[in-house]
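1. Below are the sequence and a predicted model; questions follow.
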Amino acid sequence: MVPTSLIAIPWLYLYLISIAGAVLVNVTLDDSTADFTGEYIMYQGLWNNGASCTACTATPDPGFMYNHSWKDGTVRSTAF
């Protein structure tokens, strides 16, 4: 006879797999003005000023951007 605890393990595994997951998310915010605390966003790393970046992949129409500005932080990954 198989113990009940061993029968429950596959069901627990299937349950945990069903609730685990990940999604790609695009976050858009206005960085040209301060937030409610009076602080501005400080960029570090691979961020570029989109309007003056010639090698950036994000090239939206500046007329549609708030204050005609955006940042590009494109990273190419072979993971996907």
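-> Yep, it's here.

2. end to end, how far does stretch 16-32 reach?
-> 42 Å (C-alpha to C-alpha, to the nearest Å).

3. what sits up against that stretch?
-> 40-41, 43, 66-67, 69, 71 (C-beta atoms under 8 Å, 6 or more residues apart in numbering). (C-beta placed from N, C-alpha, C; glycine too.)

4. Ok, stretch 47-66 next?
-> Residues contacting stretch 47-66 (C-beta under 8 Å, 6+ apart): 30, 32, 68-74.

5. And it, what's buried?
-> 48, 50, 53, 56 (16 or more other C-beta atoms under 10 Å).

6. average pLDDT for that stretch?
-> Mean per-residue pLDDT for stretch 47-66: 81.

7. so how far does it reach from one end to the other?
-> First-to-last residue span, stretch 47-66, C-alpha to C-alpha: 18 Å.

8. try stretch 54-68
-> 16 Å.

9. Okay, strands next: where are they in this protein?
-> Taking DSSP state E as the criterion, the chain contains strands spanning 48-49, 71-72.

10. any chance of those strands in JSON lines, with distance to residue 14 too?
-> Converted to JSON lines, the strands of the chain look like this (distance: least, C-beta to C-beta, whole Å):
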{"stretch": "strand 48-49", "distance to residue 14": "44"}
{"stretch": "strand 71-72", "distance to residue 14": "41"}
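
11. now, the most widely separated pair of the contacts of stretch 16-32?
-> Distance extremes for the contacts of stretch 16-32: the farthest pair is 43 and 66 at 16.8 Å, using C-beta to C-beta.

12. pLDDT weak spots in the protein?
-> 1-9, 18-22, 74-80 (pLDDT under 70).

13. any idea how far the residue positioned nearest the centre of it lies from residue 36?
-> Geometric centre of the chain, nearest residue: residue 25, 4.3 Å, by C-alpha atoms, centre = their mean. According to C-beta to C-beta, to the nearest Å, residue 25 stands 22 Å off from residue 36.

14. Noted, bye for now.
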